[in-house]
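Enquirer: The following block contains a protein sequence and its predicted model.
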Amino acid sequence: MYSVLYPDYLAKDDFKYEKPIADGICNLIKYDAKKSNGIPDEIWNKADALITGLYMKIDESLIPKLKSCKIITRMGVGYDLIDEVKCGKAGIVVSNVPDYGTYEVADHAITLIMNFARGISEYNRLLKKNINDNWHHSAVSTIDRVVNKKLGIIGLGRIGTAFALRAKAFGFDVSFYDPYVPDGQEKAINIHRYNQLEELMSASDYISIHCLANKETTNLIDAAMFKVCKPNLVIVNTARGAIIDLNAAYDALKSRKISAIGLDVLPNEPADNTHPLVNAWLNEGWANGKIILTPHSAFYSPTGLIFLREKALKTCIDHLQGVKTSNCINKEYLNYKK
């Protein structure tokens, strides 16, 4: 029997969906740990596979303890908490589940944008505050007609493409920046391509971020980028919190260099109440209707989560049994020792 370790497992249903897949093949071991020292070394040593969530870092201090590990599957798309290079050198495959959450994240991102454009949550807040005084269409500052407005996408992978199709359906004039997408992809869905991020930022009325978080994209959207934006820019991020410099975003919003920001992801989660942007969202009147936060929930639907959990385990089992290795993201670094 194989041993599959979930070091930061959040579900409370005792592997309801995983047990039928694991039956007779592997033992499932779960911890709700945030750091590796929350799990005994013996457990790390014996695990044939890991399935990681939102919190556990797999780094150079932990990898030597993974003496039996053949594969780590990230239960999601992003793998910024895993050192895929050092894992590869240790002979450990790193995989992800890139096809889960595509519908949900794309829906969430376009909903954030349309929430600003139509003022839904802000109208609702104002009416709850004073239904008579605020019963007026002009009470919200971000209202916009979106047809033919310029919408820029950063990262045109599966989710970025799904988002582009939704935006086109609303009538946006859609463009994107992604240096890793082959030429011609823009023609397949009939959108415009920019080869410089600054050009996309300066041309867009709306921006939606759908790229991976890595060394290249950390603080990709910084003070310099906000300086080239239109003052009416609305920017939303459903990818990773590290991609936007939150301090620069706060300064740009407060100084009216941009109009509004919607964030499902933050550099530190849960949200740090002392950060100026989060504090403004909570307490400062000028920020009402200009900041929307959601709790890293863009990926979530009950159906999507079941698919994610099942596929993450199947990915590990298929590799352990020699059936196939799916969605390996560190192939170029692999040194098969095990």
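Expert: Right, received. Where do you want to start? Numbers count the residues shown, from 1 in each chain.
Enquirer: how close does Gly24 get to Lys30?
Expert: Counting by CB to CB, to the nearest Å, the separation of Gly24 from Lys30 is 19 Å. No exception for glycine: its C-beta is placed from N, CA and C like everyone else's.
Enquirer: out of these two, which sits in the busier spot?
Expert: Using other CB atoms under 10 Å as the criterion, Gly24 and Lys30 rank with Lys30 on top: 17 against 5.
Enquirer: which residues does that one bridge with?
Expert: On the basis of DSSP bridges, Lys30 is bridged to Tyr6.
Enquirer: Identify the residues contacting it.
Expert: For Lys30, the contacting residues are 5-6, 9, 15, by CB atoms under 8 Å, 6 or more residues apart in numbering.
Enquirer: Report pLDDT for it.
Expert: With respect to pLDDT, Lys30 has a value of 95.
Enquirer: if I look at it, how far off is Leu62?
Expert: For Lys30 relative to Leu62 (CB to CB), the value is 17 Å.
Enquirer: Wait, Pro7 touches Lys34, no?
Expert: No. When contacts are counted by CB atoms under 8 Å, Pro7 is not listed as touching Lys34 (9.3 Å).
Enquirer: Overlap of the contact sets of the two?
Expert: By CB under 8 Å, 6+ apart, the residues touching both Pro7 and Lys34 are Met56.
Enquirer: Among these two, which residue is more densely surrounded?
Expert: Between Pro7 and Lys34, counted using other CB under 10 Å, the more crowded position is Pro7 (27 against 13).
Enquirer: Find the nearest non-adjacent residue to the more buried one, please.
Expert: Once flanking residues are discounted, Pro7 sits nearest to Met56: 4.5 Å by CB to CB, 6 or more residues apart in numbering.
Enquirer: can you pull the contacts of that neighbour?
Expert: Here Met56 is in contact with 7-8, 33-36, 81 (CB under 8 Å, 6+ apart).
Enquirer: Can you select the buried ones from the residues you listed in PyMOL?
Expert: Per 16 or more other CB atoms under 10 Å, the buried members of those correspond to this PyMOL selection:
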select buried, resi 7+8+33+36+81
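Enquirer: quick one: average confidence on the longest helix along the chain?
Expert: Longest helix in the chain, counting residues (DSSP state H): helix 302-320. Taken as a whole, helix 302-320 carries a mean pLDDT of 96.
Enquirer: Could you check how far that helix is from the centre of its chain?
Expert: Relative to the chain's own centre, helix 302-320 is displaced by 18 Å; criterion: CA atoms, centre = their mean, to the nearest Å.
Enquirer: CA atoms only for it, dumped as PDB, please.
Expert: Coordinates of the C-alpha atoms in helix 302-320 are reproduced here as PDB (Å, rounded to 0.1, in the frame of the first residue of the first chain):
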ATOM      1  CA  PRO A 302     -19.000  22.300  -4.800                       C
ATOM      2  CA  THR A 303     -18.800  20.500  -8.200                       C
ATOM      3  CA  GLY A 304     -15.300  22.000  -9.000                       C
ATOM      4  CA  LEU A 305     -13.900  21.100  -5.700                       C
ATOM      5  CA  ILE A 306     -14.900  17.500  -6.000                       C
ATOM      6  CA  PHE A 307     -13.300  17.300  -9.400                       C
ATOM      7  CA  LEU A 308     -10.100  18.900  -8.000                       C
ATOM      8  CA  ARG A 309      -9.900  16.500  -5.000                       C
ATOM      9  CA  GLU A 310     -10.500  13.400  -7.100                       C
ATOM     10  CA  LYS A 311      -8.100  14.400  -9.900                       C
ATOM     11  CA  ALA A 312      -5.300  15.300  -7.500                       C
ATOM     12  CA  LEU A 313      -5.300  11.900  -6.000                       C
ATOM     13  CA  LYS A 314      -5.700  10.100  -9.300                       C
ATOM     14  CA  THR A 315      -2.700  12.000 -10.600                       C
ATOM     15  CA  CYS A 316      -0.500  10.700  -7.700                       C
ATOM     16  CA  ILE A 317      -1.800   7.100  -8.100                       C
ATOM     17  CA  ASP A 318      -1.300   7.000 -11.800                       C
ATOM     18  CA  HIS A 319       2.300   8.000 -11.400                       C
ATOM     19  CA  LEU A 320       3.000   5.700  -8.500                       C
END
